[in-house]
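1. Please work out how this folds:
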Amino acid sequence: MSSCNSSLCFTFFRPTQPLKCFYPPLCMQPVQKYDPLQQEPVVQQFWESNQTFKFTPVAGRPFYSIDVPPPTVSGDMHIGHAFSYAQMDFVARYKRMRGFNVLYPFGTDNNGIPTERLVEKIKKVKARDMPRQDFIDLCQQTLDRELIPTYIQDWKRIGVSCDFNLLYSTIDERSRRISQSAIIDLHRKGRLFRSEAPSMWCPECQTGISQVECEDKELQSTFNHLVFKTPEGQPLEIATTRPELLPACVAMFYHPSDSRYRHLNGRKAVVPIFGHEVPILPDERASPDKGTGLVMCCTFGDQTDMEWQKAHNLPIREAITPDGRMTELARKYKGMKIHEAREAIIADLKSQHLLTKQEPLTHFVNVHERCGTEIEFIKSKQWFIRMLDLKEDMFKWGEQLHWYPDFMKHRYDNWVNGLQWDWLISRQRYFGVPFPIWYCEKCSEPVFADEKDLPVDPLKDKPPMDKCPKCGHDKFTPESDVLDTWATSSLTPRLVLSLVDSSLHDQVFPLSLRPQAHDIITFWLFKTVLRSQLHHGVNPFRDIMISGFVTLKGQKMSKSKGNVVRPQDVTTKYGADALRYWASTSKLGKDLDYQEKDVVTARKFITKLFNAANFVFMNLDKAGVSGVPSPPADGIHPTDALFLSRLNSVITEATQAFDSYEYSQAKSVVENFFWKEFCDNYLEIVKTRVYSGGESEQKSALFGLYTILKYMSQMMAPFTPHITEYLWQIHFRKFEKTESIHLSEWPTVRELPADDRAPTKLETLMGITARVRQAKTQNQKSLKEPIILTLPADQADLLGPDVLEDLKAVTAAREVKNGEFSVVFAE
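-> The predicted model follows:
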């Protein structure tokens, strides 16, 4: 057979024979030096062409299903993505090798405010300035043509082994259908309601938002001490950071135990500048130690204002518009932005001698996590999922999950404990999943779509009936709001199920694993659990694997700090395996500082593994081994048995670690064995038997080399999938039937002759070898320098004659004597 001339050919390394091409045209020739930048793309092309990771269930095998986080296409892939997704991929590849039917799809999160803002930036448009449908079409076209294809390639480049045939988008037709069906289901179960009430509002995005979309931001502000007066002229001082809310003031409160103000109960106060009177009332939520002990209640400045308004049946005065400007109630300040009005009102308070002092203040305020704008509370009609009555159940749901690491459960519990609102799920935006609802123009009764018609767009589609079921009116108004993006993302387990045949649903659901970062426990994890329990009465998955953050020099990465590391830059310089190797050094749930030297260390490992494999297979080839190497008929050589026994321990430890999602521990034990036992010792110890040993001795040595190299490569395959696949195709496929190393069986412990002292023998052998090397180095002698080696009798007896012969060979000892340890250089 003639040799393959393709530069992209997977072939077997047999330099004395023609090269056989097994996968034309995806081929690569053996190389003298492994370059990941050249070889990794070809390996990935091999996987894709051979559909290596396609979900093809095999009867009789258990299932393992993964709820993969759909990354937001509107943001660049960052090093934290690579960190977290590599870690979940370690587990997916391990489970696949353990014989599971691994359901590992891929999704992208495309709808909502992030996509709108990105499209506005890219296309230099504003949604509010365009016809609604034109902007929606522009968002979809930009996603399909410019964003999603490139984005998916970023994930493939780091070696994620998802089945990309099982692909969903949170805005595609399937997702819209499932999301709208779930809304109808919530309505049937009495969990969906609409209310006109004050709710959290983002003036920048001009939409209602939920509690989970807020984050605390530390800001510099001012405590303004200003003067109210009673109608009789008695001054009453309060302190506030928000004087612009004075036109919305509806009451003043003090704590019932505060003797300074008890005499004011039931009296009135005149609001400065605006002149309207408000009642002075006692309430335990007022703090005597905050400010002056008197506090104004405005509708609405915060959650407490809302509680006071409801508890005391106070009127509602709306001073701020949805776009963050002052209303007519603000009189001459009407139309000003919030901060402009604040400055103007402070100036007028000063001029009227109603501002007694100002104190600088650093405090935390709620901002919208999407844009960083301070949150307001504005009265509007919104759709909610009723959930506050389920808080005790939520704790129980969390207990039923398996948390890895277990301390992450506290974040879930803390979130549930602090819940104050039902889930606001409507958004006054454009690019999202529409509510499948119309309203009767006469009585406002909501009419829901028929499930068979889903997905629908009420702005374009007609309702499922001609007349209102409540009043008989025949005209309807479509709902223009869209769903909160988390209302769809919280259904990812259902989206995963929709990608496979319904006959498999009972076998893959509840899903096996939810991998995610800890920052979205309160977002994605909590809401997914809630939705699954509301719709199905069960948790959506069994295990939760929580990853940490990536830092740079101990600081969180951010564009504003200019310390962002792009994974694309790392893979371009060092390759994907090096990046994945780095990601595996962090214990699950722990933050990891990015240091380039750690990635360089990975390259050293890859090079060493490549060289070790070349050595092993070169000698197998020279010996004319044509089948899977087997031990000699008279048994495994004692030295080989010691290293194979240690290999058994490594397999056990790595397997147990992986089963507990401790991937870093699994990698560490295999890597340590590779460097310490295999490279530093075994390769050197067996060389003499490989080169010039008798038939049985050589056969045992080659069997040991092949077995250890194969098992180590398999155990490192989840972490460094490209180099291990390359070695499998170039070398191992000469002997192995399995198409890919990632479809091969995870190593299992081999049966060896019982020897309780094997670990002690191995440590003794390696310890003596190390001491001899040290002596030669200290005396500036070559490692091949002949010596006379003296060993204590108990050590020589422990090792036995066969192992001593290997020891003599590796240390260049002309003889081994009994006595106190010493190394004498032969003359």
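2. Do you have the strands of the stretch 651-800 of the chain handy? List them.
-> Using DSSP state E, counting those that start in this stretch, the strands assigned to the stretch 651-800 of the chain run over residues 787-791.
3. and stretch 238-255, how far from the chain's centre?
-> When C-alpha coordinates are averaged (C-alpha atoms, centre = their mean, to the nearest Å), stretch 238-255 and its chain have centres 43 Å apart.
4. How about it, which residues are buried there?
-> Judged by neighbour count using 16 or more other C-beta atoms under 10 Å, the buried positions of stretch 238-255 are 238-255. No exception for glycine: its C-beta is placed from N, CA and C like everyone else's.
5. Mind checking which of those are in strands?
-> 238-240, 249-254 (DSSP state E).
6. quick one: which two of those are the most distant?
-> Greatest spacing in those, by C-beta to C-beta: 239 and 250 (18.3 Å).
7. so what secondary structure elements neighbour the helix ranked longest in the chain?
-> For the chain, the longest helix by residue count, based on DSSP state H, is helix 596-622. Applying 3 or more C-beta pairs under 8 Å, 6 or more residues apart in numbering; DSSP states H and E, we find helix 596-622 packed against helix 567-574, helix 576-583, helix 695-716, helix 721-730.
8. What residues sit buried inside it?
-> Under the neighbour-count criterion of 16+ other C-beta under 10 Å, helix 596-622 has 598-599, 601-603, 605-606, 609-610, 612-617, 619-621 buried.
9. what's the answer for stretch 284-299, then?
-> Judged by neighbour count using 16+ other C-beta under 10 Å, the buried positions of stretch 284-299 are 286, 288, 291, 293-299.
10. Double-check that residue 521 belongs to a helix.
-> Yes - checked against DSSP: H, G, I helix; E, B strand; the rest coil, residue 521 lies within a helix.
11. how about low-confidence regions in the chain?
-> Low-confidence segments of the chain (pLDDT under 70): 1-28, 75, 210-212, 558-560, 827.
12. any idea how far residue 283 is from residue 676?
-> 69 Å (C-beta to C-beta, to the nearest Å).
13. the more surrounded of the two?
-> Comparing residue 283 with residue 676 by neighbour count (other C-beta atoms under 10 Å), the higher total belongs to residue 283, at 17 against 14.
14. Just to check, that one is in contact with residue 310?
-> No - with contact defined as C-beta atoms under 8 Å, residue 283 does not count as touching residue 310 (11.9 Å).
15. the domain parsing of this protein - what is it?
-> Residue ranges for each domain of the chain read 61-177+490-576, 220-365, 436-480, 595-755, 778-825, as given by automatic domain parsing.
16. Save those domains as JSON lines, and put in distance to residue 47 too.
-> JSON lines is the format used below for the domains of the chain (distance: least, C-beta to C-beta, whole Å):
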{"stretch": "domain 61-177+490-576", "distance to residue 47": "8"}
{"stretch": "domain 220-365", "distance to residue 47": "48"}
{"stretch": "domain 436-480", "distance to residue 47": "34"}
{"stretch": "domain 595-755", "distance to residue 47": "7"}
{"stretch": "domain 778-825", "distance to residue 47": "40"}
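17. what's the closest of these to residue 39?
-> When those are compared by C-beta to C-beta, domain 595-755 sits nearest residue 39, at 5.5 Å.
18. From the opening residue of the closest one to its closing one, how far?
-> End-to-end span of domain 595-755 (C-alpha to C-alpha, to the nearest Å): 43 Å.
19. And for stretch 98-113?
-> This stretch, stretch 98-113, spans 41 Å end to end (C-alpha to C-alpha).
20. so which of the buried residues of stretch 284-299 would you say is closest to residue 95?
-> Closest approach to residue 95 among the buried residues of stretch 284-299 (C-beta to C-beta): residue 299, at 54.6 Å.
21. I figured that closest one hits residue 312, correct?
-> No - taking contacts as C-beta under 8 Å, residue 299 lies outside contact range of residue 312: 11.5 Å.
22. hang on, the earlier thing: which pair of the buried residues of stretch 284-299 spans the longest distance?
-> Using C-beta to C-beta, the buried residues of stretch 284-299 span at most 23.5 Å, a distance reached by 288 and 299.
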